[in-house]
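>>> Return a 3D structure for these sequence lines:
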Amino acid sequence: MIRLALVALVLSLIATPMEAFADERDAWAALVNGGQVALVRHGSAPPGYGDPPGFKLDDCATQRNMDERGRAQARAVGEAFRQHRVPVDKILSSPWCRCLETARLMALGPVESVMAVASSDRSPERLGVLKQMVAGWRGPGTLVLVTHAFTIQSLVGISTGVQRELGASLRIRAVADGELARHWPEATGLLPQGFGREADRYCVVELRAALGAGEDVPDAPAEIADAISAIRLATAAPLAAGPVLFETLDGRPYGIRPVLPIAATQPPGEATRLDEFRAPLAAELLVRLGLADADTNLAEALDRWELSLFQHDPFRSEQLRAALGALLGTTWPLRAAVLLEPEPERREALHVELAALADGGEAAPAAADAARRALVEVLRDGDRPAVVARLDRMLLGLGGPARLRVAS
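Presented below is the predicted three-dimensional model:
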């Protein structure tokens, strides 16, 4: 079976869940053995996603291009391939300039521009060609595809190679063959299409609880919905659960209940992975979501942000304005820029986009993601009013504590 290895430009390799690699060493070993397909997302290309209006595919000056950080990332990935002695037979790249530049800076061999490598769910014919290309690769060496996050999402989606703990009773793990049908023969008709077969539909969220005599069963729909919210915050993943959850009691079928709509609806989004870094962040955020019970502004910000994931403009931007306003107050463009960007140039660029959003414009990608990142920062701090007060001190030139960059 062909295994896809995703090569993130932080030099970590991951694989599709069909044959998940236990860790990075296994992934490199698989690539060294040949017959594999490596997906490489282009290097850092601020300010966000997509390209400027009116861009031309044959004119790099009109596109979103890599910065020096992205170029360094591309060289580092190429060097990692060489250090691990990965035999590369072919390098195919999306025709976008940031992908072609990444592939060339990796310096692993001749680069061929192929439009199918830029496919997604929005271009099903091209995506079909790409999937056939991946499925048909037999080596003997590795096929390297330099592409975009949306292409990776279409091929893989969110995945996790190992069980990820989200708390004392919650975890995400791969579903075992037949485990649902064993208790519920009718389960097949209740599962998402392709569940257990598609690369992005193989995980379950599992809630376990030991019950004392006379103790009520947990509110599983609410707890699972909170877990989905925490993972969305930590990863920006296009994640959903459901549409139903299956309950057992003492190992026997207990019931089937619907998942809350906010958790069962899949938003659009970029491909990602619940890795060893973001899984603990999601677990921390899951606990911190309880802060909203005593802070109505924080609760409002969380609700508005999550609703924005499913809406189109102008309603999406309105929800984001409301989320940031509830979280950081009326001067949220300034406060959010200071909170999220320590470097003056990047801070100014983000403020420009946030100010445009505050003035009624549509949210640019960086401004939209700023709402998620700001929520993560505030939740991790644990005291929203104190965060706002510290930001104001910084804006007044009175200094402030070093900040955590955990959500970028």
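>>> Which secondary structure elements does the strand or helix carrying Glu353 sit against?
Glu353 is part of helix 344-358 when elements are defined by DSSP states H and E. Contact here means 3 or more Cβ pairs under 8 Å, 6 or more residues apart in numbering; DSSP states H and E; on that basis helix 344-358 packs against helix 315-328, helix 332-340, helix 365-381. From N, CA and C alone the C-beta is placed, and that goes for glycine too.
>>> List the buried residues of stretch 75-92.
By neighbour count on 16 or more other Cβ atoms under 10 Å, the buried set for stretch 75-92 is Ala76, Val77, Gly78, Ala80, Phe81, Val86, Val88, Lys90, Ile91, Leu92.
>>> would CSV of these with distance to Gln266, pLDDT and secondary structure be doable?
Below are the buried residues of stretch 75-92 laid out as CSV (distance: Cβ to Cβ, whole Å; pLDDT from 0 to 100; DSSP: H, G, I helix; E, B strand; the rest coil):
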residue, distance to Gln266, pLDDT, secondary structure
Ala76, 33, 91, helix
Val77, 30, 92, helix
Gly78, 35, 94, helix
Ala80, 33, 91, helix
Phe81, 34, 93, helix
Val86, 34, 93, coil
Val88, 35, 95, strand
Lys90, 33, 94, strand
Ile91, 32, 96, strand
Leu92, 29, 96, strand
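>>> Can you tell me which of these is nearest Leu245?
The shortest gap between Leu245 and any of those belongs to Val77, at 39.6 Å (Cβ to Cβ).
>>> pretty sure the closest one contacts Ala107?
No. Using Cβ atoms under 8 Å, Val77 is not in contact with Ala107; the gap is 10.2 Å.
>>> ok, back up a step: just curious, which of the buried residues of stretch 75-92 is nearest to Gln63?
Leu92 (18.8 Å).
>>> do you know how far the closest one is from Gly70?
Applying Cβ to Cβ, to the nearest Å, the value for Leu92 to Gly70 is 19 Å.
>>> TSV for the helices and strands packed on helix 344-358, including mean neighbour count?
Formatted as TSV, the helices and strands packed on helix 344-358 follow (neighbours: other Cβ atoms under 10 Å):
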stretch	mean neighbour count
helix 315-328	22
helix 332-340	24
helix 365-381	22
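>>> Just put those helices in CSV and tack on distance to His351 and mean pLDDT.
Shown next, in CSV, are the helices and strands packed on helix 344-358 (distance: least, Cβ to Cβ, whole Å; pLDDT from 0 to 100):
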stretch, distance to His351, mean pLDDT
helix 315-328, 12, 97
helix 332-340, 4, 94
helix 365-381, 10, 93
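>>> For Leu39, which of those is the nearest?
Closest of the helices and strands packed on helix 344-358 to Leu39 is helix 365-381, at 21.3 Å (criterion: Cβ to Cβ).
>>> that older thread, what about the helix holding Glu353, distance to the chain center?
Helix 344-358 sits 23 Å away from the centroid of its parent chain (Cα atoms, centre = their mean, to the nearest Å).
>>> quick one: average confidence on it?
Averaging pLDDT along helix 344-358 gives 93.
>>> Alpha carbons of stretch 252-260, as CSV, please.
The C-alpha trace of stretch 252-260 is given here as CSV (Å, rounded to 0.1, in the frame of the first residue of the first chain):
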residue,chain,number,x,y,z
ARG,A,252,-23.1,-3.0,26.4
PRO,A,253,-25.0,-0.7,24.1
TYR,A,254,-26.7,2.1,26.0
GLY,A,255,-27.9,4.6,23.4
ILE,A,256,-27.4,6.7,20.3
ARG,A,257,-27.6,10.4,20.5
PRO,A,258,-27.1,13.3,18.1
VAL,A,259,-24.0,15.4,18.3
LEU,A,260,-24.7,19.1,18.8
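>>> That one: which residues count as buried?
With burial defined by 16+ other Cβ under 10 Å, the residues of stretch 252-260 counted as buried are Val259, Leu260.
>>> for stretch 279-295, same thing?
Buried residues in stretch 279-295, counted by 16+ other Cβ under 10 Å: Ala279, Leu281, Ala282, Ala283, Glu284, Leu285, Leu286, Arg288, Leu289, Leu291, Ala292, Asp295.
>>> mind giving me the domain split of the protein?
Domain assignment for the chain by automatic domain parsing gives 4-155, 164-264, 295-395.
>>> TSV for those domains, including distance to Leu274?
Output for these, formatted as TSV (distance: least, Cβ to Cβ, whole Å):
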stretch	distance to Leu274
domain 4-155	10
domain 164-264	6
domain 295-395	15
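>>> Can you report phi and psi for the residue lying closest to Arg278 once chain neighbours are set aside?
Residue nearest to Arg278 in three dimensions, not counting chain neighbours: Ala234, with 4.8 Å by Cβ to Cβ, 6 or more residues apart in numbering. Main-chain torsions, Ala234, degrees, to the nearest 10: phi -70, psi -30.
>>> list the contacts for Ala234?
Arg278, Ala279, Leu281, Ala282, Leu285, Val376, Ala407 (Cβ atoms under 8 Å, 6 or more residues apart in numbering).
>>> and it, what pLDDT?
On pLDDT, Ala234 comes in at 90.
>>> any idea how far it is from Asp293?
Relative to Asp293, and taking Cβ to Cβ, Ala234 is found at 20 Å.
>>> ok so, going back, hmm, which of the contacts of Ala234 is lowest in pLDDT?
Minimum confidence in the contacts of Ala234 sits at Ala407, scoring 38.
>>> got a list of what the closest residue to Val114 other than its chain neighbours touches?
Take Val114 and drop its neighbours on the chain: the residue closest to it by Cβ to Cβ, 6+ apart is Leu92, 4.7 Å away. Applying Cβ under 8 Å, 6+ apart to Leu92 gives the contacts Val111, Glu112, Ser113, Val114, Val117, Met133, Leu143, Val144, Leu145, Val146.
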